[in-house]
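Visitor: quick one: sequence and predicted model below, then my questions.
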Amino acid sequence: MSVITTIEDLRVLAQRRVPRMFYDYADSGSWTESTYRANESDFQKIRLRQRVAVNMEGRSTATTMVGVPVQMPVAIAPTGLTGMQHADGEILAAKAAEKFGIPFTLSTMSICSIEDIAAHTKAPFWFQLYVMKDRGFIERLIDRAKAAKCGALVLTLDLQILGQRHKDLKNGLSAPPKLTLPNLINMATKPRWCLGMLGTPRRQFGNIVGHVSGVGDMGSLSEWTAKQFDPALNWGDVEWIKKRWGGKLILKGIQDVDDAKLARDSGADALIVSNHGGRQLDGAQSSIEALPAIVDAVGRAIEVHMDGGVRSGQDVLKAVALGARGTYIGRAMLYGLGAMGEAGVTKALQIIHKELDLTMAFCGRTQIGQVDSSILLPGTFPT
């Protein structure tokens, strides 16, 4: 592909280059995938108002997210197994984000560890925390994030139990991949990926293996993770984690107005309107549809961010117009990474930024802080 102009171009290239089980892990949802699809398609229902004869000079997409200066209202979302899309994937994505001037969020279930990212970047990255039954492990994870000078803790609330993801079950998803005949045949068609993986020692869950008693290999890890996600997670745990962490706290996975009010009252710095990319409760609202009511419910007491379905700069602008202070990209980043490594992540960010900048200008705005619902055509989207 000689000219790449859209996130879709990167997706097509990633599908060619990444083994099927890992591409499917990134590009799928739970059950019928209706929420996964709605996250993206509901953005298309929102229509913009074009304005003309407006001075478009001096444009800027710069703003802040939880007080952190960002070149555009976008952060890289935490995504598990990123280092299986491309060798050392989390390191490469973090470096691209740092150079571009937006936050990178590392998942608990990453291949590269907290310490790996800290060793390869200078800007404070964010760390996403899953709550496990092993509270000692959680305390150590938080302490490791502190030691790495992470700028914010992103606490995921919507994965107490794992949604059923049919493609992952059928593919036998594991890290590293099981060397079954179908997997070997598929990987043989991805030589670029195989060479990268042969050149790195990072092929397991770096934040877990070697940091938990009794977990020294992937066999014991599989058993441990199946038992460790905590279905009893509650708002008392949020309070405990907030005190233990002591820094900026972002709560991820809010879809309901009542939960948004609880998040506001928790003292967190921000909440993320998110349905886990359509990978948990299928049949739920899309994130962009849920966003306006949550913004109305919490007012200015807490920053409202959103993720799910963001594939373009226009999507970012529409989310900001509906009240989001920031957005997150997961799949768009993974497509770029799988397609071309760090250069692909940079390309994804460039595409989104250019689309955001141009669309903002066509809507008669030169500063992202000027964007509100008045740039949207009335009646084109339920609020």
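Guide: Now that the structure is in, tell me what you want to look at. Numbers count the residues shown, from 1 in each chain.
Visitor: strands of the protein, residue ranges please.
Guide: When secondary structure is read from DSSP state E, the chain shows strands at 63-65, 68-70, 74-76, 105-106, 126-129, 152-156, 249-254, 270-273, 303-307, 326-329.
Visitor: what's the least confident helix or strand in the chain, going by average pLDDT?
Guide: The helix or strand of the chain with the lowest confidence, counting by mean pLDDT, DSSP states H and E, is helix 218-228 at a mean of 71.
Visitor: so what's the residue nearest to T180 when sequence neighbours are not counted up against?
Guide: Counting by Cβ to Cβ, 6 or more residues apart in numbering, the nearest residue to T180 once its immediate chain neighbours are dropped is G172, at 6.9 Å. Every residue, glycine included, has its C-beta placed from N, CA and C. Contacts were defined as Cβ atoms under 8 Å, 6 or more residues apart in numbering; by that measure G172 touches 21, 178, 180, 183.
Visitor: now do the nearest residue to the second one once chain neighbours are set aside against L181, distance only.
Guide: This means K178. Excluding its sequence neighbours, the residue lying closest to K178 (Cβ to Cβ, 6+ apart) is G172, at 5.7 Å. With the distance defined as Cβ to Cβ, to the nearest Å, G172 ends up 12 Å from L181.
Visitor: break down the stretch 51-200 of the chain into its helices, ranges please.
Guide: Using DSSP state H, counting those that start in this stretch, the helices found in the stretch 51-200 of the chain span residues 89-100, 114-120, 135-147, 166-171, 181-188, 191-198.
Visitor: and stretch 277-287, what's buried?
Guide: Using 16 or more other Cβ atoms under 10 Å as the test for burial, stretch 277-287 gives 277-280, 282, 284-287.
Visitor: again with stretch 368-375
Guide: Burial within stretch 368-375, assessed by neighbour count using 16+ other Cβ under 10 Å, is assigned to 368, 371, 375.
Visitor: what comes into contact with that stretch?
Guide: Contact partners of stretch 368-375, identified using Cβ under 8 Å, 6+ apart, comprise 48-49, 60-63, 72-73, 317, 320-323, 356, 360, 363-365, 383.
Visitor: which of those are buried?
Guide: Applying 16+ other Cβ under 10 Å to those, the neighbour count classes 48, 61, 63, 72-73, 317, 320-323, 356, 360, 363-365 as buried.
Visitor: in space, what's closest to D24 - neighbours in sequence excluded?
Guide: With Cβ to Cβ, 6+ apart as the criterion, D24 has its nearest non-adjacent residue at 4.2 Å, and that residue is K167.
Visitor: against A348, how distant is that neighbour?
Guide: The value you get for K167 to A348, if Cβ to Cβ is used, is 23 Å.
Visitor: swap in V70?
Guide: For V70, the distance to A348 - Cβ to Cβ - is 16 Å.
Visitor: can you check A62 too?
Guide: Relative to A348, and taking Cβ to Cβ, A62 is found at 19 Å.
Visitor: quick one: contacts for I111?
Guide: When contacts are counted by Cβ under 8 Å, 6+ apart, I111 touches 81-84, 89-90, 175, 202-206.
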